[in-house]
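Peer 1: sequence plus predicted model, see below.
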Amino acid sequence: MTDYQSLLRELPAVDRLLHEPQIEEKLRRLPRRLVLQAVKDTIGSYRQKINDYYLQNNSPACTDRLDLSPAALAEEAADLAEKKAGSNLKSLINASGVIIHTNLGRVPLASTAVEALTDVAGSYNNLELSLETGERGSRQEHLETLLCDLSGAEAAVVLNNNAAAVFLALNTLAGGREVVVSRGQLVEIGGSFRIPEIMAAGGTRLVEVGTTNKTYLFDYEAVVNENTAAFLKVHTSNYHMVGFTAEVSTAELAVLAREKNLLVIEDLGSGVFLDPTKYNLPPEPRIQDSIAAGADLVTFSGDKMLGGPQAGIIVGRRNLVSLIRGNQLARALRVDKFTVAALEATLRLYLDEETAVKEIPVWNILTAVPETLRRRANSLADSLSGLFGADNVEVVKGVSKVGGGAFPTAELPTYLVAVRPSAGNFSPPELVAKLRQGNPPVILRLQQDSLLFDPRTIREDEEEVLVEAIRRAYRE
Ligand SMILES: *Cc1c(COP(=O)(O)O)cnc(C)c1O
């Protein structure tokens, strides 16, 4: 029986592993520092294993099953080197059925937006040059006309995200003054965007009115004083109140604001230009409706229901937008050329509603009809029954979620492929982890002992790759 120290001595040295054929092969293809680090990490992890076994059992005997041969360590180090050489951020297959998934980059872009990105990425471009006059232009000009056309607003400015948009609008127009918000709208979005905190950061004083479930116009009116700057209306994107509720419409607020010489700022969150009820979805306030109702400024995200890149869009009155653009912090929150390119291409698709619904992935996915989803689920189930056995694969009715702080209560009917891997190879949670760590990674739902694949968020041209990824995870 070997003792602890001699086990540690048995570990091959770095130089020894570098001469193993598998490592030599990696050294020919991958950066040396990366391979070297993988070798060191692997040796380190074995040292840790020996430690752990020894400490747990107070005897080195159970480390007998550790294979400390150079070949064994080299194999592990070679895999690790390959992993370190791959991108950290990579595309994956979303089989979860959650459409706007913040952890998964929210939404895929339309193909024209992808092309626009590629087009400007590798070349110079006219980001801030007027091609007509040859003089310096504004990066905002590429977007403003489209945004005004679609929203009916006079002016627009695009920032890094909607949190930045709300922050900058408040900081510019209500810094050092009071802003009135209904208690029912003091929301937290995504764990770090909280209305009270963002207002404090923007230097405005929050004045809460009404109650959690009911706020009336007289509540707003009662708190107005010479220090009041604006009424802020916030879309409660990610939760929904039912029962006895009351809130004040944008139009009513706008009338009162006019009378008192105040502003109405509306944070719409999602950014919807199309009427969702036309597609059997719950109603959502549209940007153009809020502008028409008299909101002075409306803010929304670029990468939720709009289906574009991460951005925060402000549309509204020209004089107010000019003030926001002139804020010193606008530079710190400005968008880059990639955002401008992808957002312009996405907005152009909205010029024709039919095109928008067809070409913008989030709308295409939202409006997929159950019959199509059933056909796709059946075809995926067929491909998987060879692998898992027909008895372990079935198509069941289920629901997809919109996610990302939109339509919080909507459950879109879908057809799921439910797989119950039979005893053997891996347990269901192990399979979920293997799929997540695969290439490409696959994200799915686990319910009891079933792996659930929702065809709604799987692109049709990903199906073959998905089946292959599942095969590898199950077999290897
Ligand atoms: C999502 C959301 C935000 C934050 O938008 P980001 O673009 O993620 O910064 C702010 N307000 C509301 C109402 C939202 O739904």
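Peer 2: Looks like it arrived, so ask away.
Peer 1: check the residue in the stretch 201-350 of the chain positioned nearest to the ligand and give its pLDDT.
Peer 2: Going by CB to the nearest ligand atom, the ligand is nearest to residue 269 of the stretch 201-350 of the chain, at 2.5 Å. C-betas here are computed from N, CA, C, even on glycine. Model confidence at residue 269, given as pLDDT, is 93.
Peer 1: next SSE after the helix or strand hosting residue 432?
Peer 2: Assigned by DSSP states H and E, residue 432 belongs to helix 428-436. Using DSSP H and E, the next helix or strand after helix 428-436 towards the C-terminus is strand 442-443.
Peer 1: list the contacts of residue 260.
Peer 2: 221, 224, 228 (CB atoms under 8 Å, 6 or more residues apart in numbering).
Peer 1: just give the nearest non-adjacent residue to the first one, would you?
Peer 2: Which is residue 221. residue 256 (6.1 Å; CB to CB, 6 or more residues apart in numbering).
Peer 1: by neighbour count, which of the contacts of residue 260 wins?
Peer 2: residue 228 (21 neighbours; other CB atoms under 10 Å).
Peer 1: can you name the residues that contact that one?
Peer 2: Residue 228 sits in contact with 177-180, 207, 260, 262, where contact means CB under 8 Å, 6+ apart.
Peer 1: for residue 421, same thing?
Peer 2: By CB under 8 Å, 6+ apart, the contact set of residue 421 is 388, 392, 427-428, 431, 451, 474.
Peer 1: for residue 346, same thing?
Peer 2: Taking CB under 8 Å, 6+ apart as the test, what residue 346 contacts is 109-110, 112-113, 302, 306-309, 360.
Peer 1: what's the helix or strand for it?
Peer 2: helix 337-349.
Peer 1: run the chain-centre distance for that helix.
Peer 2: 17 Å (CA atoms, centre = their mean, to the nearest Å).
Peer 1: does the ligand sit close to that helix?
Peer 2: No: using CB under 6 Å from any ligand atom, helix 337-349 stays clear of the ligand, coming no nearer than 11.7 Å.
Peer 1: need the next SSE after that helix, C-terminal direction.
Peer 2: Next along from helix 337-349, by DSSP H and E: helix 353-359.
Peer 1: residue 240 and residue 408 touch, don't they?
Peer 2: Yes: at 5.0 Å, residue 240 counts as touching residue 408 under the criterion of CB atoms under 8 Å.
Peer 1: of the two, who's got more company?
Peer 2: residue 408 (15 against 12).
Peer 1: OK, contacts around the more buried one?
Peer 2: 237-240, 402.
Peer 1: repeat that for residue 304.
Peer 2: Here residue 304 is in contact with 100, 106-107, 237, 269-271, 362, 404-406 (CB under 8 Å, 6+ apart).
Peer 1: mind checking pLDDT for residue 59?
Peer 2: In this model, residue 59 carries a pLDDT of 62.
Peer 1: the residue of the stretch 201-350 of the chain closest to the ligand: how many residues sit nearby?
Peer 2: 26.
Peer 1: next: the one 10 residues further on.
Peer 2: For residue 279, the neighbour count with other CB under 10 Å is 12.
Peer 1: mind naming the longest helix for this structure?
Peer 2: In the chain, taking DSSP state H as the definition, the longest helix is helix 32-57.
Peer 1: and that one, what does it pack against?
Peer 2: Contact partners of helix 32-57 among helices and strands, from 3 or more CB pairs under 8 Å, 6 or more residues apart in numbering; DSSP states H and E: helix 4-10, helix 14-18, helix 21-29, helix 70-85.
Peer 1: and the stretch 51-200 of the chain, which residues reach the ligand?
Peer 2: 161-163, 166, 189, 193.
Peer 1: so among these, where is pLDDT lowest?
Peer 2: Confidence-wise, residue 189 trails the rest of those, at 85.
Peer 1: mind checking the SS state of the closest residue in space to it that isn't next to it in sequence?
Peer 2: Distances taken as CB to CB, 6+ apart put residue 405 closest to residue 189, at 5.3 Å, once the chain neighbours are dropped. Per DSSP: H, G, I helix; E, B strand; the rest coil, the secondary structure class of residue 405 is coil.
Peer 1: deepest-packed of the helices and strands packed on helix 32-57, please.
Peer 2: helix 70-85 (a mean of 18; mean count of other CB atoms under 10 Å).
Peer 1: pull the residues that contact the helix or strand following that one.
Peer 2: Scanning forward in sequence from helix 70-85 by DSSP H and E, the next helix or strand is strand 93-94. Here strand 93-94 makes contact (CB under 8 Å, 6+ apart) with 101, 104, 440-443, 457-458, 462, 465-466, 469.
Peer 1: again, only using 7 Å
Peer 2: 101, 104, 440, 442-443, 457-458, 462, 466 (CB atoms under 7 Å, 6 or more residues apart in numbering).
Peer 1: phi, psi of the single nearest residue of the stretch 351-476 of the chain relative to the ligand?
Peer 2: Across the stretch 351-476 of the chain, no residue is closer to the ligand than residue 405, which sits at 4.1 Å (CB to the nearest ligand atom). Dihedral angles phi and psi of residue 405 (degrees, to the nearest 10) take the values phi 70, psi 40.
Peer 1: burial measure for it, as a count.
Peer 2: 24.
Peer 1: does it touch residue 238 like I think?
Peer 2: Yes: in terms of CB atoms under 7 Å, residue 405 counts as a neighbour of residue 238; the distance is 3.9 Å.
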